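**Q** only the shape, not the letters, is given here:
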């Protein structure tokens, strides 16, 4: 049974383009992982500030293997650097963007306001089992 992980990331107003560009640059970082099935970056269309990073995996074990892999660490190294910069220089320099990372793909994924600071303010990892899937004609 497939599992879905959705990272709900709150992005400050005006930072959506930076957030999406960071993901465009990460192409290839997850696609070749064993058990990976699908990735979607969902941008809000209702004026809200929450983006959704959707991934589907063949199993929880495949997702956990990705999370503990060197590839994951390399793809998300900037988040540790951004968090250190925020700690050293204070959140005010980064317009309050703290970049929380609760057990899933990081909130950071950004380089906002010319500082290289986090774009995401907060992230929440949601997890689901796929119990039914319907697709349209190819």
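**A** Ah, there it is. None of the values given here were measured: they were computed from a predicted structure.
**Q** wait, residue 38 touches residue 54, no?
**A** Yes. Taking contacts as C-beta atoms under 8 Å, residue 38 lies within contact range of residue 54: 7.4 Å. Every C-beta, even on glycine, is put in place using the N, C-alpha and C of the backbone.
**Q** who has more neighbours, the two?
**A** Ranked by neighbour count (other C-beta atoms under 10 Å), residue 38 and residue 54 place residue 54 first, with 16 against 11.
**Q** wait, that one touches residue 3, no?
**A** No. Assessed by C-beta under 8 Å, residue 54 is found out of contact with residue 3, at 11.7 Å.
**Q** which helix or strand lies directly C-terminal to the worst-scoring helix or strand of the chain on mean pLDDT?
**A** The weakest-scoring helix or strand in the chain, judged by mean pLDDT, DSSP states H and E, is helix 77-89 (a mean of 57). Downstream of helix 77-89, the first helix or strand assigned by DSSP states H and E is strand 122-129.
**Q** buried residues of stretch 43-58, list them for me.
**A** For stretch 43-58, the neighbour count (16 or more other C-beta atoms under 10 Å) marks 49-51, 53-57 as buried.
**Q** ok, so of the residues you listed, who is nearest residue 28?
**A** residue 55 (14.2 Å; C-beta to C-beta).
**Q** now do the strand or helix carrying the closest one: everything it contacts.
**A** For residue 55, the host element (DSSP H and E) is strand 50-57. The contact list for strand 50-57 (C-beta atoms under 8 Å, 6 or more residues apart in numbering) reads 2-11, 16, 19-20, 23, 30, 35-44, 63, 66, 105, 120, 130.
**Q** pairing partners for it, with directions?
**A** strand 3-10 (antiparallel), strand 36-42 (antiparallel) (DSSP bridges).
**Q** for the helix or strand following it, buried residues please.
**A** Sequence-wise, the next helix or strand downstream of strand 50-57 (DSSP H and E) is helix 60-67. Using 16+ other C-beta under 10 Å as the test for burial, helix 60-67 gives 62-63, 65-66.
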